[in-house]
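Q: how would this look folded up:
(2 chains)
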Amino acid sequence: MKQRTKLFFLRFGPLILSFAVFVLVYFVGSRLYPTMQKPQVFFNLFINDASLLCVSVGMTMVILTGGVDLSVGGIIALVSTASAVMLRNGANPYLVIPLMILIGIVLGVVHGWIISDLKVQPFIATLMGLFFARGMAYIISLASVPIKDPVYMKIALTPMHIPFFEKAYVYYTSLVGPILLLVAIYLSYFTRFGRTIYAIGSNEQSAVLMGLPVRRTKILVYAFSGFCSALGGVVFSMSLLAGYGQFASGMELDSIAAVVIGGTALTGGVGNVLGTLFGVLVHGTIVSILQFNGTLSSWWTRIGVGLLTLIAIGIQSIFYLGQNRSRKGSS
Amino acid sequence: MADTNNEIIKMEGICKSFLGVQALDNVDFTLKKGEIHALVGENGAGKSTLIKILTGVEQADSGTIMIDDEKATIKSPMQAIDLGISTVYQEVNLCPHLSVAENILIGREPHKFGFIDTRAMNKKADEIMKDLGIKLDVTQTLMTCSVALQQMAAIARALEISSAKVLVLDEPTSSLDSQETEQLFTVMRRLKSEGVSIIFITHFLDQIYQVADRITVLRNGKQMGTYEVKSLSRIELVTKMIGRSLVEYDEMVGLKKESVKSIKKESWIDAEQLTSGGCVEPFDLQLHAGEVVGLAGLLGSGRTEIAKLLFGIDNPSSGSLKMDGKEVKDYSPNKSILRGIALCPEDRKNTGIIGELTVRENIILAMQAGLGWFRFLKKSEQYEIADKYIKLLNIATPSADQLVKNLSGGNQQKVILARWLAINPRLLILDEPTRGIDVGAKAEIQKLVLSLAEEGKSCVFISSELEEVLRTSHRIKVMRDRKMVAEFDDESGDAIMHEIAGSAS
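A: Numbers count the residues shown, from 1 in each chain, chains lettered A, B, ... in the order given. Okay, the predicted model is just below:
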């Protein structure tokens, strides 16, 4: 029995921890600013961090393989600018959205190919992707481009009421992230693709020797991340109704922080997507607290997130150190 | 012949060389159906090269491989698995963060409605492990299992995924305790009875006699023969493994006789009941100026541990070490160098040479370290020193500016020797100085050791090859199972052999 509980905590400890961190941060916030006790403030987290949740889901999958995707913010900028310009020129929004998603997938496939076939570090390959995407965004338009397309405006501005909570609402764009999250949970736990992701992150050399499709999986995982980022970009441009090369600058780092706070190890192989949801919510909560405060510089968000990330990593390494030690001891 | 049908693998005339060093020289190897075949030999004997060729990691320069009487070329590990040859390595090649069941079945998980059927997978894995006679919770993460169980999971995977006909176990017992080893042996015997052939690599002689049917012995890349375990006594086995030959023996004998005269009467290093906890049992060792003391024994018998203790890498837990009558208190490699002790480590590639630096830079390294950071040797002095030792040790290099990685193994070893000779040490500890280098270079290094002794230096000479130890050492200490078990003078090779094998004659 004791052994069972120990194994349970080994497996779900980081997840429970990320949930606890979120609850704690939110609790502290609502003690300081009682307005935060309103349900709408909680749902605002999903509105404000809709695109961060999208990219973080993809990021989690990439980090689980032991890689990283720095291009996510760049893809958002590129997608928002490109779609804004196309819509300004009268393109059909139902064509624009799939095209944007295709751009994200193609960029992701290119990343995956460079990483798996040319053996380039993910850090470098996706950094180049970041430069490329953001650069292209500015080449398309130096200035911010407003979106006045009726379809976009309708999707962006129609609130969706939450059952059981009177007056509480989110926008349709807020649903994209949670749906992606469900897809990612299915992929990571119930498909061979997902389990191979964990195997690669756990020990890539072994995964190769075990005869798993390592190359294909890596390319697919970056493609998935590109897909998530492009969706994030569409969501982003809908919520701001504009496209600009400056959008989402530094979001790759917020996203990595959210993944880490969510209990996923940067070395890969350990963690899960659900934790990332809590990581994103923690980020959103800190932003909310600062907004309620009103006097503090918004840069405190970064400092707060940074501290929490550091603590999360610290706790993780104690966790995994303990495990490794018990392994070493028996070897 | 009816007998050939029984042979599942037949390797003939396998040759393989790396950078001019012959790793395998015309080796034959046959594996019968349902046998446990031990492959033994000291480090550098060619065991791992042979296995790498069989499993497709390396390609043989020449020779043929027949599998089930059909000629096969094995180009990759994947292909070997397809042919039914699976390998379980010493370090387990599985994914530590996945569950045991997943590690066994990943890539072949049962599915239901597009979902992995975890329950069915766990049930199947549980059955597989039960078949192997092992009770464990297959849902637990692999890394929470003991190494033995991880190895079992690796074996289970090998059998399940590739339906292995041949299982290669590469030093599987080196990190297992005796109970775990017994567990592994039970599984091995069970597999054997089911007709699986097993190649078992180990350096524990006891274990060979416990499970193996036949033995193939390799030494220096040559096959010393294949024997029925029952018909080969321990002492014969050890003789085959470490061997004795008389090449250049006479010349060395002469040299050694000369050098005996220069041995000083009083010892200057005196170790009494020195020990470093569990690594090696307490030992006594006296070293005289001008003397070569050989440490003989098999791999893992505690030879390297003694070297580490003397050089100050490991701190002693009890006992005393006296130098020039004074007790040594502060142990560290740095202090040891200042006291005039030098160590040429066992693993030349990783801990000895720095391949990206030139011969000159490698040679002056220790000397510069002795001088400190701020007193640089002038370039001209550096060249002078480097050229002196290149000539003295007969290092084959186009110039002192050649990168060390481009030299052959023997010459690399000489560069390390030169590095230490440059600081003029009083005691030189050589741990396997001739491993992996060709015969000519071996003889040169052996001669060099004797001539250094003649100049009044002390030397501790560690080698797995008994013939080499016999040739170079004035006194020989025999190590067995982390214990110093006996001391001999040079004339008693057979008796030493018995001590190494641990079989009282």
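Q: can you pull out the helices in the stretch 151-300 of chain B?
A: Applying DSSP state H, counting those that start in this stretch to the stretch 151-300 of chain B gives helices spanning B:178-193, B:205-211, B:234-242, B:249-260.
Q: Show me what counts as buried in the third one.
A: When you say that, I think you mean helix B:234-242. B:234-235, B:237-242 (16 or more other C-beta atoms under 10 Å in any protein chain shown). To be clear about C-beta, it is placed using only N, CA and C from the backbone, and glycine gets the same treatment.
Q: what helices or strands is that helix leaning on?
A: Packing partners of helix B:234-242 (3 or more C-beta pairs under 8 Å, 6 or more residues apart in numbering or on different chains; DSSP states H and E): helix B:205-211, strand B:214-219, strand B:222-228, helix B:493-501.
Q: Skipping its backbone neighbours, what lies nearest whatever residue of the stretch 1-150 of chain B ends up closest to chain A in space?
A: For the stretch 1-150 of chain B, the residue closest to chain A is residue B:95, as judged by C-beta to the nearest C-beta, at 3.7 Å. Nearest residue to residue B:95, sequence neighbours excluded (C-beta to C-beta, 6 or more residues apart in numbering or on different chains): residue A:202, at 3.7 Å.
Q: I figured residue B:41 hits residue B:222, correct?
A: No: contact criterion C-beta atoms under 8 Å: residue B:41 and residue B:222 do not qualify, at 9.6 Å.
Q: Residue 314 - how many residues pack around it?
A: Reading this off chain A. By other C-beta atoms under 10 Å in any protein chain shown, the residues close to residue A:314 number 10.
Q: Wait, chain B was what I had in mind.
A: 18.
Q: Quick check: the gap between it and chain A.
A: Per C-beta to the nearest C-beta, to the nearest Å, residue B:314 is found 18 Å from chain A.
Q: so that residue, which of the three states?
A: coil (DSSP: H, G, I helix; E, B strand; the rest coil).
Q: Surely it and residue B:305 touch.
A: Yes: with contact defined as C-beta under 8 Å, residue B:314 and residue B:305 form a contacting pair (6.9 Å).
Q: Any chance you could list residues touching both of the two?
A: B:276, B:279 (C-beta atoms under 8 Å, 6 or more residues apart in numbering or on different chains).
Q: can you map out the helices along chain A?
A: Counting by DSSP state H, chain A has helices at residues A:2-32, A:39-48, A:50-64, A:72-88, A:93-117, A:122-140, A:150-157, A:176-190, A:192-202, A:204-209, A:214-240, A:251-261, A:273-293, A:300-330.
Q: wait, does the shortest one contact chain B?
A: Yes: between helix A:204-209 and chain B, judged by C-beta under 8 Å from any C-beta of the partner chain, the touching residues are A:205-207, A:209.
Q: Just name whatever secondary elements that helix is in contact with.
A: In terms of contacts (3+ C-beta pairs under 8 Å, 6+ apart), helix A:204-209 is packed against helix A:192-202, helix A:214-240.
Q: Next, the angle from the longest one to helix A:192-202.
A: It stands for helix A:214-240. Counting by axes from the mean of the first three to the mean of the last three C-alpha atoms, to 10 degrees, helix A:214-240 lies at 100 degrees to helix A:192-202.
Q: If you tally nearby residues, what's the number for residue 69?
A: If you meant another chain, say so; for now it's chain A. 34.
Q: not what I meant, chain B
A: Other residues close to residue B:69 by other C-beta under 10 Å number 10.
Q: the bottom helix or strand of the chain by mean pLDDT?
A: Using chain A here. Every helix and strand of chain A was ranked by mean pLDDT, DSSP states H and E. The lowest is helix A:300-330, at a mean of 68.
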